[in-house]
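Trainee: Pasting the sequence and the predicted model now:
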Amino acid sequence: VLGGGYLVAYVLMDAPWQLLIVSCILSAGVGIGYAAMPTHNLDAVPPREAGAAVGLNSLMRSLGTTVS
């Protein structure tokens with residue numbers, strides 16, 4: 001979705017309404033990525049470590065948002 005959003009941005013950047021469309025597509029891509037990350041993490045860790053993995057993911061996401 002993010003890749004498609006960037007392709008759309010390459011074509012549609014001449015008017016403010018086009019920027020709105022691009023922003024919506026890119027925001028959807030970021031949302032999908034953030035929603036999929038905990039599931040991806042849970043597939044990679046043992047069940048007894050699931051809480052720590054999800055908590056660390058949330059902490060790092062918050063830290064990354066704060067730093068950026």
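Mentor: Here it is on my side, so go on. Residues are numbered from 1 along each chain as shown.
Trainee: so how far is residue 24 from the nearest residue to residue 12 once chain neighbours are set aside?
Mentor: In space, and not counting its chain neighbours, residue 12 is closest to residue 18: 3.8 Å by Cβ to Cβ, 6 or more residues apart in numbering. Backbone N, C-alpha and C define where each C-beta goes, glycine included. Noted for residue 18: a distance of 11 Å to residue 24, by Cβ to Cβ, to the nearest Å.
Trainee: re earlier: can you point out the helix or strand that includes the residue nearest to residue 12?
Mentor: Counting by DSSP states H and E, the secondary-structure element that holds residue 18 is helix 16-44.
Trainee: got a list of what the residue positioned nearest the centre of the chain touches?
Mentor: Nearest to the mean C-alpha position of the chain, counting by Cα atoms, centre = their mean, stands residue 30 at 2.7 Å. Contacts of residue 30 were listed using Cβ atoms under 8 Å, 6 or more residues apart in numbering, and they are residue 2.
Trainee: Give me the local confidence score for it.
Mentor: You'll see residue 30 listed with a pLDDT of 89.
Trainee: What of residue 46?
Mentor: The predicted structure lists residue 46 with a pLDDT of 92.
Trainee: cool, and residue 51?
Mentor: Confidence score, pLDDT, at residue 51: 90.
Trainee: Can you list the buried residues in the one helix or strand it maps to?
Mentor: When elements are assigned from DSSP H and E, residue 51 belongs to helix 50-67. The neighbour-count check on helix 50-67 (16 or more other Cβ atoms under 10 Å) flags 53, 54, 57 as buried.
Trainee: orientation of that helix relative to helix 16-44 in degrees?
Mentor: An angle of 150 degrees separates the directions of helix 50-67 and helix 16-44 when computed by axes from the mean of the first three to the mean of the last three Cα atoms, to 10 degrees.
Trainee: Which secondary structure elements does helix 50-67 sit against?
Mentor: Contacts of helix 50-67 with other secondary structure elements, assessed using 3 or more Cβ pairs under 8 Å, 6 or more residues apart in numbering; DSSP states H and E, are made with helix 16-44.
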